[in-house]
Each structure stands twice: as C-alpha cells, then as structure tokens.
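Student: just need the structure, nothing else, for what follows:
(one chain, ligands or ions: 1)
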Amino acid sequence: MSDQRPIGLLDSGVGGLSVLREVRALLPAENLLYVADQAHLPYGTRDQREIRVYVENITRFLIGQGCKLIVIACNAANAAALHHTRALFPDLPIVGMEPAIKPAAARTRSGVIGVITTQTTYQGALYASVVDRFAQGLRVVTQVCPDLVWLAEQGAPQTEAARAIVANYLAPLQAAGVDQVVLGCTHFPFLLAHLRAVLGEGVEIVDPAPAVARQVRRVLEGRAWLNDSAAQGTAAYFTSGDPQRFAQIAYQLTGEPISAEQLCWQADQLA
Ligand code: DGL
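Tutor: The predicted model follows:
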C-alpha cells in the first residue's frame, strides 16, 4: 500500500526549506506541503504563547489539507509549541527538532561546543534539557544570532557585509575554542558558505536536518504510511507573507523554481 497523503512542514519563513530538501532527498516519492508563516516572522524573538497559537493554526490548516505527518521545521516553534501541539493533536504524528548537542558532544575533541540559535530556542526548556542530558562535562557556548535569520530571508547574499555579520557572531565561539558548531535554527544552513569560510577546516558544522528526515522515515515506516510510488512527489508552498517574494528567495536559496500560494488567517486566528 502506498500512502499518497502529503507530509506537512512549517517554519516562520524560508528556514524550514533546509529541512524540506533533506526530507525530499531521503523520501523522493513523498508529496510535501510547506507553510512559511512570514506574516509573523521572526519566531525567534516572540512570546512563546503567540508562537503556540500560530503553530496550532498552521497545524489545523495542514490537517485540513490531508497531511499524514507534520514536521515542525523550526527550532523556535519546537521550543515554544511542540508539547502543546502534540497534546492538541494526539493522533497526528509530529516530528520535532532540537539543537544537535548530542552528535556534537560525541564528536568534540576540544570539549567545547558552540551553538548558534535564536532567543526563543535558547530560553526554552528543550534547550536546557538537551544541554543537561548530552553535554555533561563539556562546555557549551551559545550565541543568539537574530540577524542571521534576516540574512537567510534576504536570500543569503554572498557579500562582504553578510560575511562580517556572520564573523562577528562567531568570534566569541572561536575565542572559546569550539570544534563543533551546532546550527540551532533552520535558517542557518543557508549561510553555510559564510560559516565555513569564517570557521575554517578545523570546526565541524552540525545541521540536524538529515537526522530529522531519517526520523520522518522511521515514523512513516512504523505506521506503514510510506509513499512507495515510483514517481517523484510534488511540493506545494504557502506563505502568510508575500508569495512572490517567498518564491524569489526560495529560488535564490535552493535553485528550484517554485510558486507559492497566499495563506490568509482569519481575524480570530491572529493572536
Ligand atoms: N527557523 C526558525 C528556527 O529554526 C527561526 C527563525 C525565526 O526567528 O523566525 O528557529
């Protein structure tokens, strides 16, 4: 049996596309629906209660579209809303994500791990819990980098000015002697060229997106919900912001020509 129902992914903006591309690479037959809540971007500086309302509304929309599984492809949304959303929709498998401290802890030689993330993720209980569980005896240096979200939303320009912003955020991590830098925001993989150039060869950059894609596969396999059709799956994109702008930036980031549809919230869905 092949389950044609789509997988839904959500983020505040273009960041979750870094997760979508991994899901697509691992599960090419799956149909995908992506929601960017750009009307409420950034989530990384928002109140957690607001984010919970947004994630709930997007999840209802994705369920209405027939999704069989949801990926919360945003660290800040997970920090604020993963447990809440799972409790609201107990029959819906929801794959979340957390900063990849565990693999970084397994690989570090210097004993110093850097994490770049946003305020919401840093302040969340999930972050404290992964540090507590996986980084015992190690030093974790966290840098909150709100401007990197905006750089990705501008299509990750390959400019000197952009590189200087990245370098500025990474300087304290380098000074602390990190040999692992965990990407604690799904927007940041799109800045990989800058991150690599600034950090050089000796520092590993850890992106949790491939592990998230493997978790999606495990969950679908476990329920016998995989789409094992031989045809390439489809992908549809929705934004609560400007669809043309989303399509243009997504093309800049991924090289894929896409079109996006407008997602309109009812007045009572806006917190
Ligand atoms: N992409 C989101 C994340 O992974 C955050 C971006 C934002 O601040 O909205 O946390």
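Student: CA atoms for contacts and neighbours, from now on please.
Tutor: Will do.
Student: where does the stretch 151-271 of the chain get nearest to the ligand, which residue?
Tutor: With Cα to the nearest ligand atom as the measure, C185 is the residue of the stretch 151-271 of the chain nearest to the ligand, at 3.3 Å.
Student: report the contact partners of that residue.
Tutor: The contact partners of C185, taken as Cα atoms under 8 Å, 6 or more residues apart in numbering, are G15, C74, N75, A76, P99, I116, T117, T118.
Student: turn the residues you listed into JSON lines, columns for pLDDT and neighbour count.
Tutor: Below are the contacts of C185 laid out as JSON lines (pLDDT from 0 to 100; neighbours: other Cα atoms under 10 Å):
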{"residue": "G15", "pLDDT": "98", "neighbour count": "25"}
{"residue": "C74", "pLDDT": "98", "neighbour count": "28"}
{"residue": "N75", "pLDDT": "98", "neighbour count": "33"}
{"residue": "A76", "pLDDT": "98", "neighbour count": "32"}
{"residue": "P99", "pLDDT": "93", "neighbour count": "25"}
{"residue": "I116", "pLDDT": "98", "neighbour count": "24"}
{"residue": "T117", "pLDDT": "98", "neighbour count": "26"}
{"residue": "T118", "pLDDT": "98", "neighbour count": "24"}
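Student: of these, which are in range of the ligand?
Tutor: Applying Cα under 6 Å from any ligand atom to the contacts of C185, one finds that G15, C74, N75, A76 fall near the ligand.
Student: what residues does the stretch 101-250 of the chain have near the ligand?
Tutor: Those residues of the stretch 101-250 of the chain that sit near the ligand, judged by Cα under 6 Å from any ligand atom, are V149, C185, T186, H187.
Student: the residues you listed in strands, which ones?
Tutor: Judged by DSSP state E, strands contain none of these.
Student: by neighbour count, which of the residues you listed wins?
Tutor: Neighbours here mean other Cα atoms under 10 Å. Within those, the largest count is held by C185, at 30 neighbours.
Student: from A209, how far off is that residue?
Tutor: Noted for C185: a distance of 10 Å to A209, by Cα to Cα, to the nearest Å.
Student: then Y34 would be within a strand, right?
Tutor: Yes - the assignment for Y34 is a strand, going by DSSP: H, G, I helix; E, B strand; the rest coil.
Student: returning to that earlier point: for the residues of the stretch 101-250 of the chain next to the ligand, could you give me JSON lines that also reports pLDDT?
Tutor: Putting these into JSON lines (pLDDT from 0 to 100) gives the following:
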{"residue": "V149", "pLDDT": "98"}
{"residue": "C185", "pLDDT": "98"}
{"residue": "T186", "pLDDT": "98"}
{"residue": "H187", "pLDDT": "98"}
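Student: quick one: which of these sit in helices?
Tutor: Taking DSSP state H, the ones among those that sit in helices are V149.
Student: any chance of the residues of the stretch 101-250 of the chain next to the ligand in JSON lines with distance to V53 as columns?
Tutor: Formatted as JSON lines, these follow (distance: Cα to Cα, whole Å):
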{"residue": "V149", "distance to V53": "21"}
{"residue": "C185", "distance to V53": "20"}
{"residue": "T186", "distance to V53": "20"}
{"residue": "H187", "distance to V53": "21"}
